[in-house]
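1. Predicted model and sequence follow; I will ask about them next.
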Amino acid sequence: MSLVDGLYVKLSDKGADETDVSALWNKSDTSGDGQLSASDFAAFFSQLSAAFGLEGINGDEAFKQLDDNQSGSVDYSTFMLHAIIGATGTVDKAIDDQAAFAEWWKGLGRASLTPQDSPFFDAEVDWGPLSRDDKGRFAYSPRTALAILNSQALIVKALVRQEPYVPPPGWKVLDLIWAHPNGIKLAAVPDKANDKVLQGTVIEHPDAVLVFLRGTILKGDLVADLKAMPVPFDDFPGRIHRGFTGCYTRIPDIRSQLKASLDKVVSSIPSGKPIIIAGHSLGGALAVMAFYDAMRWYGDKEGARMLLMTFGCPRVGTTAFATAFDELVTKTGSTAWRIANKADLITHLGPKLVYTHCGEEIGFDLKLASNLKAWTKNHIEAYMQHFSNEMNA
């Protein structure tokens, strides 16, 4: 927990908007790299408190809590995610037994942020086949985009209700993709093969194969979101968001599962059938990493049928990664779309002085909520409404 957890509730009550906070952050950023030192953060928090009448929060102590890896700086996305969503749980000092602590920690990670009766579980997956333009590239369709986004609801439904996953009508399950229930590795918590929660699916329709990776649903997902320090990752160019790399490769290893599943797809499914890798929010970031891998694994022969589609995706890596990603898309003849609502604050996470978006942006601007308490409306409902509006235009 940190002193700024849930701070946006207070800010929203006082009429603050995300742009107000980001403007003060950028004004206080003396290094120009999107991260605030202790002195920069003190100046930022002092101005924020004065502007919006915040009381009772020690800025110096808040900085120490946010800088949990003692790097000497805090990035905007770490502050943002703590302030909007709030960190999850603190160590219960009554739990002295290591095994008991491990189970408590994993149970915390499995706790859902989404209610079991969410209305999104009833979303209809009205699939429309992908078409191509006169150059043979995939042509954007709001109907297809909406169907792909809505397919997430069935993954989340199975996860939250702890029931078997059922694919959309007309689709069959090829594989289920699992992730670890916690987004950070603790030395006192050993990983086991059965430490897993549903992260995504690989499903097949007569018209396409779809890999979909869900967004932040469990409290443990927030931990991955919050670990925003850019770090080297395997043979990826540049640096990648630390939390995303951990989620992608930690046991049960999303990366290895996808490689095994896609190996079967490219070897057994006709070459004309599109392979779509998609994701929302955190899942969008994981989908970007998966697509970069897939282009290197299969791009020479399969690139023309490979499509990335992300919704509400944060920035994933530094400019070196984004440049290499876009160059590989061109080289392999693949297609990469990043569907982004300008009013969706998640698409602005990952300081742009450090991180860079990749893929072709398909943007729109639809603000369903200005109150920061309801920020998810711009992150979820706005996409659904936008696609519906396009279909009905």
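-> Received it, and whenever you're ready, just let me know what you need.
2. List the contacts of the closest residue in space to T319 that isn't next to it in sequence.
-> Using C-beta to C-beta, 6 or more residues apart in numbering and skipping residues adjacent in sequence, the residue nearest T319 is T356, 4.4 Å away. Backbone N, C-alpha and C define where each C-beta goes, glycine included. Listed by C-beta atoms under 8 Å, 6 or more residues apart in numbering, the contact set of T356 reads R315, G317, T318, T319, F321, A322, T323.
3. ChimeraX command to pick out the buried ones of these?
-> Here is the ChimeraX selection string for the buried members of the contacts of T356, based on 16 or more other C-beta atoms under 10 Å:
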select :315,317,318,319,321,322
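4. any chance of the contacts of T356 in CSV, plus pLDDT?
-> CSV is the format used below for the contacts of T356 (pLDDT from 0 to 100):
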residue, pLDDT
R315, 95
G317, 96
T318, 95
T319, 96
F321, 97
A322, 98
T323, 98
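5. Out of the contacts of T356, which comes closest to S39?
-> Of all the contacts of T356, T318 has the smallest distance to S39: 24.9 Å, by C-beta to C-beta.
6. And that closest one, its phi and psi?
-> When read as degrees, to the nearest 10, the backbone of T318 gives phi -70, psi 180.
7. sorry, back to before: I'd like the contacts of T356 laid out as TSV, including distance to D175 and secondary structure.
-> Conversion of the contacts of T356 to TSV gives the following (distance: C-beta to C-beta, whole Å; DSSP: H, G, I helix; E, B strand; the rest coil):
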residue	distance to D175	secondary structure
R315	28	coil
G317	26	strand
T318	31	strand
T319	33	helix
F321	27	helix
A322	29	helix
T323	32	helix
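8. Nearest to K377, out of the contacts of T356: which one, please.
-> So of the contacts of T356, ranked by how close each gets to K377 (C-beta to C-beta), first place is R315, at 21.7 Å.
9. Once you drop chain neighbours, what's closest to that closest one?
-> Nearest residue to R315, sequence neighbours excluded (C-beta to C-beta, 6+ apart): G350, at 3.1 Å.
10. just to revisit the earlier point, can you spell out which residues form a bridge with the residue nearest to T319?
-> Beta-bridge partners recorded for T356 (DSSP bridges): G317.
11. okay, it: pLDDT?
-> Predicted confidence (pLDDT) for T356: 96.
12. Between all of the contacts of T356, which two are at the greatest distance?
-> For these, the farthest-apart pair by C-beta to C-beta is R315 and T323; their separation is 13.2 Å.
13. and P129, how many residues sit next to it?
-> 12 (other C-beta atoms under 10 Å).
14. How much space separates it from F138?
-> Per C-beta to C-beta, to the nearest Å, P129 is found 11 Å from F138.
15. ok so, going back, would you mind measuring from the residue nearest to T319 to A320?
-> As judged by C-beta to C-beta, T356 and A320 stand 9 Å apart.
16. now swap in G359 and tell me
-> In terms of C-beta to C-beta, G359 sits 16 Å off from A320.
17. Ok, A369 next?
-> Going from A369 to A320 by C-beta to C-beta gives 35 Å.
18. Residues contacting stretch 254-269, please?
-> Taking C-beta under 8 Å, 6+ apart as the rule, stretch 254-269 contacts 174-175, 177-179, 199-200, 202, 204, 209, 211, 213, 247-249, 275, 286, 289-290, 293-294, 297-298, 301-302.
19. Just the buried residues of it, please?
-> Buried-residue list, stretch 254-269, by 16+ other C-beta under 10 Å: I254, R255, Q257, L258, S261, L262, V265, V266.
20. and those as TSV, adding distance to K192, pLDDT and secondary structure?
-> Formatted as TSV, those follow (distance: C-beta to C-beta, whole Å; pLDDT from 0 to 100; DSSP: H, G, I helix; E, B strand; the rest coil):
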residue	distance to K192	pLDDT	secondary structure
I254	17	95	helix
R255	19	97	helix
Q257	16	97	helix
L258	21	98	helix
S261	22	97	helix
L262	26	98	helix
V265	28	97	helix
V266	31	96	helix
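21. so can I have JSON lines of these showing distance to V231?
-> Output for the buried residues of stretch 254-269, formatted as JSON lines (distance: C-beta to C-beta, whole Å):
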{"residue": "I254", "distance to V231": "17"}
{"residue": "R255", "distance to V231": "16"}
{"residue": "Q257", "distance to V231": "22"}
{"residue": "L258", "distance to V231": "21"}
{"residue": "S261", "distance to V231": "26"}
{"residue": "L262", "distance to V231": "25"}
{"residue": "V265", "distance to V231": "30"}
{"residue": "V266", "distance to V231": "30"}
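22. Just name the closest of the residues you listed to A51, please.
-> I254 (41.4 Å).
23. Which element, helix or strand, includes the closest residue to the closest one other than its chain neighbours?
-> Nearest non-adjacent residue to I254, counting by C-beta to C-beta, 6+ apart: Y248, 5.3 Å away. Assigned by DSSP states H and E, Y248 belongs to helix 242-249.
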